[in-house]
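Engineer: Attaching a predicted model along with its sequence, questions to come.
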Amino acid sequence: MRKEFQGGLEHKFMRLGEDIKVTDGVEIEGYASLFGHVDQGGDIVQAGAYKKSLADLKAKGRSVKMLWQHDPAQPIGIWDEVREDARGLYVKGRLLTDVEKGREAVALIGAGAIDGLSIGYRTVRAQKGHDQKDGKAARILSELELWEVSLVTFPMLPEARLVTEEKGDDPFGTETLMRDLADAFTSARKLLAGD
C-alpha cells in the first residue's frame, strides 16, 4: 500500500519475511525495497533510485531513520548500513532495547508478529510505464528521496525478505499467510479501481 502524506512524503511497505534474524537481541537486516518488482500499489522502483539521496545524506552527515510504524515520535533504533546493491535497498541496523518500543519490536519480531519493512520517501522522478511481466500500467520510480525505513505490520512487497544465514521450513505457515494477504490486497485494489 502506498500512502502520500503532507509534504509529498510517501510510504512503501515491504516484507521482512518469516526468517527474521535478531542477533544479540538487537540486530536486524534485510531488503527495504526490491528493484524491478511491481508492488501492490502499482509502483516499480528502478535500480539507482536511491543513489543520489544516499549520497546527499552521507555528504550532510545525516542518516536514514529507523522508526516504528512510520511514527516520527517513535524512533526505535539505528540503521548502521543502508545501501543499494543489484537486488535492491539493503538495510542493516540495531533495535535499541533501552527504548520501550525497541524492546517491544524485538519481542514481536522474535514471535513472528512483525515481519515488514516500509520506506518513507518523497518521489523526485517518476514516469508512467508498464510491468514487463504482465503489461499492466505502473509508475516507474527512478529517483527517490529516502527519509526513513520503518518496521511495520503489513508489507507492500511480499517478495522482500530478510537476509538470513539459515534456511528453514515454515512451520507456522507465515509465508502462505503473507502470500494470501498480498493476494487479498491486490484483489481489493482491483475491485476499488474497477478493473
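Structural biologist: In hand now; what should we look at?

Engineer: chain center to stretch 76-95, what's the gap?
Structural biologist: 10 Å (C-alpha atoms, centre = their mean, to the nearest Å).

Engineer: pLDDT-wise, which helix or strand of this structure ranks last?
Structural biologist: strand 2-4 (a mean of 53; mean pLDDT, DSSP states H and E).

Engineer: May I have the phi/psi pair for residue 150?
Structural biologist: phi -110, psi 150 (degrees, to the nearest 10).

Engineer: Quick check, pLDDT for residue 189.
Structural biologist: pLDDT for residue 189: 69.

Engineer: Kindly report the same for residue 184.
Structural biologist: We have a pLDDT of 59 for residue 184.

Engineer: Next: residue 178.
Structural biologist: pLDDT, residue 178: 52.

Engineer: Next: residue 166.
Structural biologist: Looking at residue 166, the pLDDT reads 33.

Engineer: Kindly report the same for residue 192.
Structural biologist: pLDDT at residue 192 comes out at 74.

Engineer: what about it, which SS state?
Structural biologist: When classified by DSSP: H, G, I helix; E, B strand; the rest coil, residue 192 comes out as helix.

Engineer: quick thing: my sequence starts at 4, can you match it?
Structural biologist: Sounds good: first residue 4 from here, last item residue 195.

Engineer: residue contacts, it?
Structural biologist: By C-beta atoms under 8 Å, 6 or more residues apart in numbering, the contact set of residue 195 is empty. For the C-beta atoms, the positions are set from N, CA and C on the backbone; glycine is no exception.

Engineer: before we move on, what about residue 117?
Structural biologist: Residue 117 neighbours (C-beta under 8 Å, 6+ apart): 19, 108, 111, 154, 155, 156.

Engineer: Distance of it relative to residue 156?
Structural biologist: Distance of residue 117 to residue 156, computed by C-beta to C-beta, to the nearest Å: 6 Å.

Engineer: now do residue 98
Structural biologist: Between residue 98 and residue 156 the computed distance is 16 Å (C-beta to C-beta).

Engineer: For the two, work out which one has more neighbours and name it.
Structural biologist: Of the pair residue 98 and residue 156, residue 98 is the one with more neighbours under other C-beta atoms under 10 Å, namely 23 against 12.

Engineer: is residue 34 in a bridge, and if so with what?
Structural biologist: When assigned by DSSP bridges, residue 34 has beta-bridge partners residue 93.

Engineer: for the helix or strand hosting residue 150, packing partners?
Structural biologist: Using DSSP states H and E, residue 150 sits within strand 140-155. Judged by 3 or more C-beta pairs under 8 Å, 6 or more residues apart in numbering; DSSP states H and E, the packing partners of strand 140-155 are strand 12-18, strand 46-48, helix 54-62, strand 68-71, strand 74-87, strand 119-133.

Engineer: what's the average pLDDT for it?
Structural biologist: On average, strand 140-155 scores 94.

Engineer: any idea how far residue 47 is from residue 79?
Structural biologist: Counting by C-beta to C-beta, the gap from residue 47 to residue 79 is 29 Å.
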